[in-house]
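Undergrad: Provided below are the primary sequence and the corresponding predicted coordinates.
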Amino acid sequence: MRHRTIYLALCIAALLLLKAWSAPGQDVTFDRLLQAEKDPNNWLTYFRDYRGWRFSPLTQINTTNVKRVVPKWTFDLEGAGLQLTPLVIDGVMYVTNSNHHIFALDAATGKLLWRYRHKLPDDMPSRIWGRWNRGVAVVDGKVIAGTMDAQILALEAKTGKLLWQVKAGDYKTGEEITSPPIIAKQKALIGVAPLEFTRRGFIAAYSTETGEELWRFQTGFGADAPPVIYEVDGEQFVAIATGGNQLQGSAYGDAVWAFSLKGQLGPLWPPPPPPTVAGPIGPIASGVSTVRMGGINGEYSFVPSRVRVKKGDSLTFINVGDLPHGATAWQKGEWDTGVLPKGDQKSITFNQPGNYYYICLPHPWMYGQVIVEE
């Protein structure tokens, strides 16, 4: 009997040691993430589950007693603003701050388990707009996060030890990551956005094991939020919302992209390169066929001053002012309306994609821009 008691005690001790050794994130497989809606005690992904509902089925706190809840613990993240969604996995909470430090906390007490301090460069353009990080993803014993200096990190979920780090973009040109990746099997899908700079955003897939970039797709503009994964009629999709910057000439403006194994669309064109000469400012108008010279009670102006057209489209320049005006390509003189008296007009057809600045020769302080796309 005594030997049996000792044997049972040893078994219990071994189980306790095994539990203590196993990191909470170690048990998070992709299959578990797929079944997250059946795991009410945890918040496994940015949206809790891949449906994206952010709905918890727990009922201990409900509409009848929510007014009685009081704070149990708090933890100072030492940041300058938060936009994150904490993850809670088997009693451990994973959070970040605006400086892109990553924390593991005891979810019941708020006790710090570990902290990883990522050092952001001092010359980041994002100092103008602030710094943000919306959280992490956890899979196969790793905590994976993107940073505003366009790095992707993988930490050991148990200790916070850095496992790998890869460069996804160039922060000096405005490329940055603020949202956590979405996990698809052994891939981390993440979007890189260009802040307010004239850069292309993209979505890319990285190996969760090594950080190797597996593929990249240019959406034409910034991808500043995580993708979602869903299935319709047996076909699986990966969808991501991407935001164009009208001032920078991003293709089509805001859009949602949906990818599948049967997809056939190609990447979009990049925005025009940054101008090296002074030019017009303001929004880029699409879907217009007429430019007024001397419009909107301004004798010395083109309205709209910045236009986007398709290859083969024509623009009609109409002088609605009181003085003679014209539109002449400024850099190479590829096209010219000539000087038009009041009320006259001339159409120009644009057959070559490009970025064309033009001026009014009689009044060279008048300038405009035509962006011709495929």
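TA: Yep, it's here. Quick caveat: nothing in here was measured; it's all calculated off a predicted structure.
Undergrad: right, and residue 350 touches residue 312 too?
TA: Yes - proximity of residue 350 to residue 312 meets the contact threshold set by Cβ atoms under 8 Å, at 7.4 Å. (C-beta placed from N, C-alpha, C; glycine too.)
Undergrad: which one of those two has more residues nearby?
TA: residue 350 (21 against 11; other Cβ atoms under 10 Å).
Undergrad: okay, the closest residue to that one other than its chain neighbours: pLDDT?
TA: Among residues not flanking residue 350 along the chain, residue 372 sits closest, at 4.5 Å (Cβ to Cβ, 6 or more residues apart in numbering). Note on residue 372: pLDDT of 89.
Undergrad: got the contact list for the helix or strand hosting residue 372?
TA: Assessed by DSSP states H and E, residue 372 sits inside strand 367-373. Contacts with strand 367-373, where a contact means Cβ atoms under 8 Å, 6 or more residues apart in numbering, come from 249, 251, 269, 272, 278-280, 284, 291, 302, 305-311, 313, 315, 327, 330, 350, 352-360.
Undergrad: out of those, which are inside strands?
TA: Members of those lying in strands (criterion: DSSP state E): 291, 302, 306-310, 315, 354-359.
Undergrad: looking at it, residue 334 is touching residue 355, isn't it?
TA: No - under the criterion of Cβ under 8 Å, residue 334 makes no contact with residue 355, lying 11.7 Å away.
Undergrad: against residue 212, how distant is residue 165?
TA: Between residue 165 and residue 212 the distance, using Cβ to Cβ, to the nearest Å, works out to 12 Å.
Undergrad: swap in residue 99?
TA: Shown here: residue 99 relative to residue 212, a distance of 27 Å by Cβ to Cβ.
Undergrad: between the two, who's got more neighbours?
TA: For residue 99 versus residue 212, neighbours defined as other Cβ under 10 Å are more numerous around residue 99 (17 against 11).
Undergrad: just the element for the more buried one, please.
TA: Here residue 99 sits in a region with no helix or strand, counting by DSSP H and E.
Undergrad: enumerate every residue touching it.
TA: Residues touching residue 99, when contacts are defined by Cβ under 8 Å, 6+ apart, comprise 78-80, 117-118, 120, 131.
Undergrad: please enumerate the strands of the stretch 1-150 of the chain.
TA: Under the criterion DSSP state E, counting those that start in this stretch, strands of the stretch 1-150 of the chain are mapped to 87-89, 92-96, 101-106, 112-117, 137-139, 142-146.
Undergrad: same list, these, but as CSV with mean pLDDT please.
TA: Converted to CSV, those look like this (pLDDT from 0 to 100):
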stretch, mean pLDDT
strand 87-89, 92
strand 92-96, 92
strand 101-106, 93
strand 112-117, 96
strand 137-139, 96
strand 142-146, 96
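Undergrad: using JSON lines, lay out those strands together with mean neighbour count and distance to residue 46.
TA: Output for those, formatted as JSON lines (neighbours: other Cβ atoms under 10 Å; distance: least, Cβ to Cβ, whole Å):
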{"stretch": "strand 87-89", "mean neighbour count": "23", "distance to residue 46": "8"}
{"stretch": "strand 92-96", "mean neighbour count": "23", "distance to residue 46": "11"}
{"stretch": "strand 101-106", "mean neighbour count": "21", "distance to residue 46": "15"}
{"stretch": "strand 112-117", "mean neighbour count": "15", "distance to residue 46": "19"}
{"stretch": "strand 137-139", "mean neighbour count": "27", "distance to residue 46": "7"}
{"stretch": "strand 142-146", "mean neighbour count": "27", "distance to residue 46": "11"}
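Undergrad: okay, those strands in a markdown table with distance to residue 73 next?
TA: Shown next, in a markdown table, are the strands of the stretch 1-150 of the chain (distance: least, Cβ to Cβ, whole Å):
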| stretch | distance to residue 73 |
| --- | --- |
| strand 87-89 | 13 |
| strand 92-96 | 10 |
| strand 101-106 | 9 |
| strand 112-117 | 11 |
| strand 137-139 | 21 |
| strand 142-146 | 21 |
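Undergrad: quick one: which of these is nearest residue 344?
TA: Of all those, it is strand 142-146 that lies closest to residue 344, at 55.0 Å by Cβ to Cβ.
Undergrad: in its sheet, what does the closest one sit against?
TA: Each strand that strand 142-146 pairs with, and the sense of that pairing, follows from DSSP bridges: strand 137-139 (antiparallel), strand 151-156 (antiparallel).
Undergrad: for residue 43, find the nearest of these.
TA: strand 137-139 (10.4 Å).
Undergrad: contacts for the closest one?
TA: Under the contact criterion Cβ under 8 Å, 6+ apart, strand 137-139 has outside partners 25, 28-30, 33, 44-46, 87, 89, 94, 143-145, 157, 180-183, 188, 208.
Undergrad: filter those down to the ones in helices?
TA: Residues of the contacts of strand 137-139 located in helices (DSSP state H): 30, 33.
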